[in-house]
Structures are given as C-alpha cells and as structure tokens.
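> take this sequence and fold it.
(one chain, ligands or ions: 1)
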Amino acid sequence: METRIHVAVVGAGAFGGWTALRLLERGARVTLVDAWGPGNSRSSSGGETRVMRGTYGPDQPYTVMAARALKLWAKYERKWKRHLLHRSGVLWMASGRDDAFERASVHMLAAAGIKCQELSPRQMSKRCPQINFEGIEWGIFEPECGYLDSRASCAAVVEAFLLAGGQYRQVAVIVPDQASHDENFLRNNRGIVLSDGSRLAADRYVFACGPWMGTLFPHTIGSLIRATKQDVFFFGHGSRDSLKFTDAYLPVWADHCGSFRYGIPGDGCRGFKVADDTRGPDFDPTSGERTVDPETLSEIREYVSFRFPALRDAPVVETRVCQYEQTPDNHFIIDRLPTNENVWLIGGGSGHGFKHGPAIGEMMADLILKDREPKAIWRLDRFKGN
Ligand SMILES: Cc1cc2nc3c(=O)[nH]c(=O)nc-3n(C[C@H](O)[C@H](O)[C@H](O)COP(=O)(O)OP(=O)(O)OC[C@H]3O[C@@H](n4cnc5c(N)ncnc54)[C@H](O)[C@@H]3O)c2cc1C
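Here you go, the predicted structure:
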C-alpha cells in the first residue's frame, strides 16, 4: 500500500522544478505539471541566461540564500556532469554618491562566505579595458559567481526528476471561471482539473506559476504579483575585435550608476546581452506579443555607446521579451493558501529569483514535509492593511 505523501507541483520553472526534485529526493511521491514545458518562452525562467550574484544590499535573506544556492548548483553540476553555472565573475559598479547598497553588500557577502574584492576604477580599467568607468567610483567583484544557463537548467531539473522516478505531465491546470472563482477549487479534495480533462488529486499542492499566480489566485495574490514587460537586447560585436566582448574576457556586469543596467557577455553565441532592470509596463504572459519597444532600444543603444564605446555601432542581433513577476516590496511570496492548509504558493521572484532555485527547492521540501512556517519576510500577511 502507498504510504508516501503525494505532492502535486504546478509549474516547472526555477521555483517549481527545483521544489519537485527536492521533494522527490526527500521521499515524497511527486507529480509535476506545466502548461508549456520547463523554461518555455513565455515563462520567466525562459531564455538562455541569468545572473548568479550575492550582492544584494543590506538586511535581506538573499545573500545567504545565494551562498547556499552556489553550493547546490555546484553539487548538481557534479552529479549530472553538466556545466550550468559559468563562473566568469560578476563586476558590480558603484557610484560614489549613493553607494549604501554596495557598502552593505560587502559585509553581507563576507558574512555569507561569498568571495568578493573591492576594486578601484584603476583596477577595474586594468581588468576590463572594454568598459568606460566614467562616473564609477568603485566596484565589487565576485569571482565565484557569473551566469547560469536558464532554459537548459530547467530542462536538466525535469530530466533528473524523471530519472529519479517523478511523474511529469505537460498539461495546464484549468483556472475556474474568473467570476465565480473563490480559490476553493481544492476544498473537496477532488483534485485540480487539467487541460486533458483529467483530475489530479494529491495530499499537498504547490503552485509555482510565476507571472500567472495572480490569475490562478485572484483574491489571495491578484495584483500582488504583477507581470512587467522587460526588453532584453543582444548586440553583435565584430569578429576581429581586439577588445573582447565574450565571457572569456569580460565578467557579468551590473551598473548601479543611475538607472540599473546589467549584462552578460557570454550568452552562448547570441551576442552581448544588455538589459535595463527598471520595471516595464504591465504585460500579459499568455497573449502578450514579445516585441521590444523602440524607445527602450534607443535608450539602451545610447547607454551601450557610452559604457562600451567599442560597441557604439554594434548591430542588435537578437531581442527577447520576458516578464518579471513583481511583488510590491521585491520579496518573494512563499506561504500557504489561507483557505487551504495543504496548498502552498511560491513566486514573486521580482527579477532576481532564478539563481535561488536549488535553495528554494531545498527550503520548500523542508517546509512542506516538516510542516514548518516560512520566514515572515515571505509570508502573505506582510501585505495586510496595505
Ligand atoms: C528578463 C529577465 C531577467 C532576469 N534576470 C535574472 C537574473 O539575472 N538572475 C536571477 O536570479 N533572476 C533573474 N530573473 C528572474 C527569474 O528569472 C525569475 O524570478 C524566475 O525564473 C521565476 O521562476 P518561476 O518558477 O517562479 O516562474 P516561471 O519560470 O514563469 O515558471 C512558471 C511555470 O508555470 C507554468 N504555468 C503557469 N500557469 C500554469 C497552469 N495553469 N498550469 C500549468 N502550468 C502553468 C508556466 O508554463 C511556467 O513554466 C529575470 C527575469 C527576467 C524576465
């Protein structure tokens, strides 16, 4: 007779995939479902790469979480014999005028055991002559961080999940009619209705549906997770550039001088990836057309010409539109559904969730299997009275 607890996980992105895998490794029976597949083009985990960093400013749980995630990424890379975390280093550029975020980060990094060096503009210029450091007073370099293969990691997690005996189905959970949707569609425990007409009943449910969380849970989540349109650009450097723009020569960089921009030089063969972290307009993750805004392109072009002068005339060789799953305070949402103790909600990555996938999976397995409480910073009741 089956005695293992059965958990249904909805969503095979960075949060749901790792949660499903870790639950399975801890002895649960797990069914994972996703409407369009792990790391699909609509999901927030889609695309080729994500930054892995520990620089996060003061008073937050994410530097420690990133330190744990770094260890776990390395563990799974060894286990799977796959290279998913590219340790090209991360250079965080700070302006002298407003660097409280970076000052606090240095202490947080040291306390969490993530290696970092403080660099002067001279040291940075020597290391990265491709960058014009005008307006930058100092920088943080994280040598053991870099970037992750995002889409490939999601697929690798599901592959490992299947090999370990998990059940994965590419089907959608049908959202009940919005008008009468009281979120109690699990109350009678007849299970959730799937797009192939079947039902999936389990002892516990985890919903990790990224930017779709508000649609599935209009009362509990609603606009607490907002999907914002984020345009991403890939510039093509010349084939004979003496100044190199690949990760063999340049680390991942983040520019906190004015608007926060970041880039990943080594994005496969896609080009020099650049994006602005400013939250874009609301976006429909299902039906939104994924074309970039010409205004964003001209701002990014101007920025690239200034900060990376050799790329002044570099053509855009690819673009991508993704969406953040933004919460009002940038913190994740990790909690039970107030009306159903056996339903967990995880999401609200807010533009920084991907790197933490394995650490979140580990934490979720503990919360669910040991019936523990999440940290206050992630609980839903923090929004009460807002
Ligand atoms: C442009 C961009 C840059 C980013 N940069 C970074 C970065 O550098 N570093 C970093 O750490 N993070 C970064 N992030 C954030 C990070 O990628 C996200 O926080 C993270 O991937 C969210 O994962 P998720 O599993 O919550 O959501 P998703 O990846 O969106 O997964 C949700 C899944 O649920 C499925 N689903 C939805 N509804 C249903 C349904 N009804 N039934 C079945 N399945 C359903 C979807 O198909 C999807 O696969 C970035 C995000 C974007 C968009």
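> from here on, contacts and neighbour counts on C-alpha atoms
Noted.
> point out where the stretch 51-200 of the chain drops to low pLDDT.
Applying pLDDT under 70 to the stretch 51-200 of the chain flags residues 177-182, 184-185, 187-189.
> what about R42, which SS state?
Secondary structure for R42, judged by DSSP: H, G, I helix; E, B strand; the rest coil, is coil.
> er, A110 actually
Reduced to three states by three-state DSSP, A110 is helix.
> shouldn't it be in contact with C116?
Yes: counting by CA atoms under 8 Å, A110 sits close enough to C116 to count as a contact (7.4 Å).
> out of the two, which sits in the more crowded spot?
Between A110 and C116, counted using other CA atoms under 10 Å, C116 has the larger neighbour count: 22 against 13.
> how about that one, what does it touch?
106, 109-110, 140-143 (CA atoms under 8 Å, 6 or more residues apart in numbering).
> first-to-last residue distance for stretch 239-249?
With CA to CA, to the nearest Å as the measure, the ends of stretch 239-249 fall 14 Å from one another.
> contacts for it, please.
Everything outside stretch 239-249 that qualifies as a contact, by CA under 8 Å, 6+ apart, is 88, 128-130, 237, 250, 264-266, 272, 310.
> coming back round to it: and of the contacts of C116, the nearest to the ligand?
If you rank the contacts of C116 by distance to the ligand using CA to the nearest ligand atom, E142 comes first, at 14.4 Å.
> state the phi and psi torsions of that closest one.
When read as degrees, to the nearest 10, the backbone of E142 gives phi -110, psi 100.
> which strand residues bridge it?
When bridges are taken as DSSP bridges, the partners of E142 come out as V90.
> surely it meets L119?
No: applying CA under 8 Å, one finds E142 not in contact with L119, separated by 10.7 Å.
> looking at the two, which one has more neighbours?
Here E142 and L119 are set side by side on neighbour count (other CA under 10 Å), and the busier one is E142, at 25 against 18.
> how many neighbouring residues does I174 have?
15.
> A67 too?
Under the neighbour criterion other CA under 10 Å, A67 is assigned a count of 21.
> ok, it to G54 distance?
According to CA to CA, A67 stands 7 Å off from G54.
> can you list residues touching both of these two?
When contacts are counted by CA under 8 Å, 6+ apart, A67 and G54 are jointly contacted by I114.
> N330 and G353 touch, don't they?
No: look at N330 against G353 with CA under 8 Å: they stay out of range, at 10.1 Å.
> more neighbours, those two?
G353 (24 against 14).
> how about the residues of the stretch 51-200 of the chain by the ligand?
51-52, 172-174 (CA under 6 Å from any ligand atom).
> re the thing from before, closest one of the contacts of stretch 239-249 to A155?
Nearest to A155 out of these is G266 (CA to CA; 20.0 Å).
> so who does the spatially closest residue to D282 that is not a sequence neighbour touch?
Nearest residue to D282, sequence neighbours excluded (CA to CA, 6 or more residues apart in numbering): T228, at 4.5 Å. With contact set as CA under 8 Å, 6+ apart, T228 has these partners: 279-283, 323-326.
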